[in-house]
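K.L.:
Next comes the sequence, and after it the predicted model I'd like to discuss.
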Amino acid sequence: MENRKIQSEIERKNFAGFRDASKLDILFLTFLGILAVRYLLYISQMQVPMWDGAVYLINARDWLAGKSLFEIYKPPLISWIIAGVWLFTGENWIYVKPLAALFTIGSGILLYLTLKPRKGDVFALGVAVLTMLNAQVFFYSSQIYTEGLSLFFLVAALYFLKSQRPNYWLLGGVMMGLTFASKYPIFLQCIIIFVVESLILNNRKLITKAIMGAMPVIFIAVSAVYLKTGTFQAALAKDMSFSFILSPFYIVNSINIWGMAFLLVPVGFLFRRTYSESYNYSFIAWFIVSLLFWSSHATNNPPVDGRFAIAFTPAVNYLVFLTIENLAKSKGLVYGPRESSLDFYIKRNKLRKGDEKLVPLASAPSVPVLKYCSACGAAVPNPAAYCDRCGEKQ
């Protein structure tokens, strides 16, 4: 019972000192409700789909009619989903207008649930909200585009791969495969997360599970397109050129893409705490490799906006709040002032230096030594044999 009380207290506290997690959950749900209304109001004003959206609609019709695809290099998953909806509603694009927005909101929920057990409620809320409010994320999620769909499956892969349960890694592999089927280039970011988490855990069983989950989904996607068109093409030839000379586009336009908060990202790399916790490694690699990849691509194919940056926007926002957390800790804003346990003991018992022996040692404040559950990531007292949240043996 005592362990459960300590566990509950730990989970409600985070780097900002907020102790009532239920209120933050309600606040997040309220935010999602307002965001959903905003999406519906914006989407209701659309009279015709944009070009890529129209292509996905035509491809969906071709999948249903058994015809050759209008553009064979487009990823098939979104057209399959549209075709599945049309089987019940009839062929009308109005029914699928909010499709991408629903997946984007779902990705926000998964991002919040991924970060909450390990980083705290305020940290998770901040990253999720900042991602959902990103202008690029909002605009392209209001269209019939693959950005919202791929973001959902990418974050879902992150959610499952951050666990140590074999079945979760199997599902993580499935999410990786679905990310490939929703937007081919974003699969690279799944690979980054998978490789980093595999190196951290060094567990062959989990790695095998993830590969077993991903390969069948990728095989089905590639085979279906090949059987339909007689070939498999992931992109146009002009879109597959890369250069060792990196384009400065994403750095120059970083404020327009991610907002002023991006200025905190390079500051975060100055703190040792950024590298002391292995949980951060996936997000660091996710951001750096994605930025280098798209900068290499932008050299020969200058983008007109930050559309390709949407998929690693959660990593950017994670680093933003990691910087805030590090700044708070360095200034003594986390868990009270920075002072030694002896100074804290003297101050609590109103003693003077050298008088500590006047008070029995038993009256010293009890500060539980903590560790993290290997299965769900929840904080548990060090002496505990089982996790109070998931019941996993420690």
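P.N.:
Received, thanks.
K.L.:
Low-confidence ranges, the stretch 1-150 of the chain, go.
P.N.:
1-21 (pLDDT under 70).
K.L.:
need the contact list for Arg204.
P.N.:
Under the criterion of Cβ atoms under 8 Å, 6 or more residues apart in numbering, Arg204 has no contact partners. For the C-beta atoms, the positions are set from N, CA and C on the backbone; glycine is no exception.
K.L.:
and it, how far is that from Ser198?
P.N.:
9 Å (Cβ to Cβ, to the nearest Å).
K.L.:
Over to Lys205?
P.N.:
Counting by Cβ to Cβ, the gap from Lys205 to Ser198 is 11 Å.
K.L.:
Can you name the secondary structure element that comes next after the longest helix anywhere in the chain?
P.N.:
The longest helix of the chain (DSSP state H) is helix 204-229. Using DSSP states H and E, the helix or strand that follows helix 204-229 in sequence is helix 249-252.
K.L.:
Give me the residues contacting that following helix.
P.N.:
Contacts of helix 249-252 (Cβ under 8 Å, 6+ apart): 257, 291, 294-295, 298, 302-303, 306, 309.
K.L.:
Lowest-confidence entry in those?
P.N.:
Minimum pLDDT across these is recorded for Pro302, with 72.
K.L.:
mind checking the SS state of that one?
P.N.:
coil (DSSP: H, G, I helix; E, B strand; the rest coil).
K.L.:
In the stretch 151-300 of the chain, where is pLDDT below threshold?
P.N.:
300.
K.L.:
What's the local residue count around Ser330?
P.N.:
Ser330: 12 surrounding residues under other Cβ atoms under 10 Å.
K.L.:
For it, which non-adjacent residue is closest in space?
P.N.:
Sequence neighbours aside, Phe271 is the residue nearest to Ser330 in space, at 7.3 Å (criterion: Cβ to Cβ, 6 or more residues apart in numbering).
K.L.:
Quick check: can you list the domain ranges of this protein?
P.N.:
What automatic domain parsing lists as the domains of the chain is 236-333, 341-381.
K.L.:
Filter the contacts of helix 249-252 down to just the ones in strands.
P.N.:
Among the contacts of helix 249-252, none falls in strands (DSSP state E).
K.L.:
among those residues, who's most crowded?
P.N.:
Trp294 leads those on contacts (other Cβ under 10 Å) with 24 neighbours.
K.L.:
Can you tell me the closest non-neighbouring residue to it?
P.N.:
Phe308 (4.9 Å).
K.L.:
and that neighbour, how many neighbours does it have?
P.N.:
With other Cβ under 10 Å as criterion, Phe308 counts 22.
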